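Undergrad: Take a look and give me a structure for this.
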Amino acid sequence: MKISVGTNFQDDYIDGIKKFQVKEVYGKLTADFIGGGRPSFMLPVIRKKKLELFIKELHRNGIQFNYLLNSTCLSNLEVTKKGYNKIRRDLDWLSKIGTDSITVAIAHLGKIIKKHYPRF
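TA: Modelled structure (predicted):
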């Protein structure tokens, strides 16, 4: 069985899930350009450096990380040059820090990822 669980990014989180043979953890920054399925004010304050260190620690424990980009609407910013470039910068960074997979809700984002980031 493959278990995927959401994270709250607590310092003792990884130690707490290791015994359950978790394959993947999912989560996101508090705020980013694309957004996610939950309002930012409901999420813990997570900055880029903390996420990067969290992913490294997950990997040391044999656990993958799935980043959520599952906003349902970007007001068509994803089809503008400025919006596309911002999306690509965010995806470049997620690739650089070792994100293993990405969950999206907008088909156009899936196409961008499939074309430029096949490892996701």
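Undergrad: So what's the residue count around V79?
TA: Counted with other Cβ atoms under 10 Å, residues neighbouring V79 total 9. For glycine as for every other residue, the C-beta is placed from the backbone atoms N, C-alpha and C.
Undergrad: contacting residues for it?
TA: V79 sits next to H108 when contact means Cβ atoms under 8 Å, 6 or more residues apart in numbering.
Undergrad: got a list of contacts for the lengthiest helix in the chain?
TA: Ranked by residue count and defined by DSSP state H, the top helix of the chain is helix 81-96. Identification of contacts with helix 81-96 by Cβ under 8 Å, 6+ apart yields 32-34, 48, 67, 69, 74, 76-78, 102, 109, 112-113, 116-117, 119-120.
Undergrad: Just to be sure, which of these are found in strands?
TA: Of the contacts of helix 81-96, the ones assigned to strands by DSSP state E are 67, 69, 102.
Undergrad: List the buried residues in stretch 48-56.
TA: For stretch 48-56, burial by neighbour count (16 or more other Cβ atoms under 10 Å) applies to 51-52, 54-55.
Undergrad: For the most far-flung residue of the chain relative to its centre, report the pLDDT, please.
TA: Distance to the chain centre peaks in the chain at K19, reaching 23.1 Å (criterion: Cα atoms, centre = their mean). pLDDT recorded at K19 is 87.
Undergrad: For it, give me the backbone phi and psi.
TA: Backbone dihedrals for K19, given as degrees, to the nearest 10, come out at phi -70, psi -10.
Undergrad: again with L29
TA: The phi and psi values for L29, taken as degrees, to the nearest 10, are phi -60, psi 160.
Undergrad: Wait, it touches K48, no?
TA: Yes - applying Cβ atoms under 8 Å as the test, L29 and K48 come out as touching, 6.8 Å apart.
Undergrad: So which residues of the chain form helices?
TA: Using DSSP H, helices in the chain cover 13-17, 48-60, 81-96, 107-116.
Undergrad: Please name the bridge partners of Y67.
TA: Beta-bridge partners of Y67, counted by DSSP bridges, are G27, I102.
Undergrad: where in this structure is pLDDT low?
TA: 35, 37-41 (pLDDT under 70).
Undergrad: Give me the most central residue, the chain.
TA: Nearest residue to the geometric centre of the chain (Cα atoms, centre = their mean): Y67, 1.4 Å.
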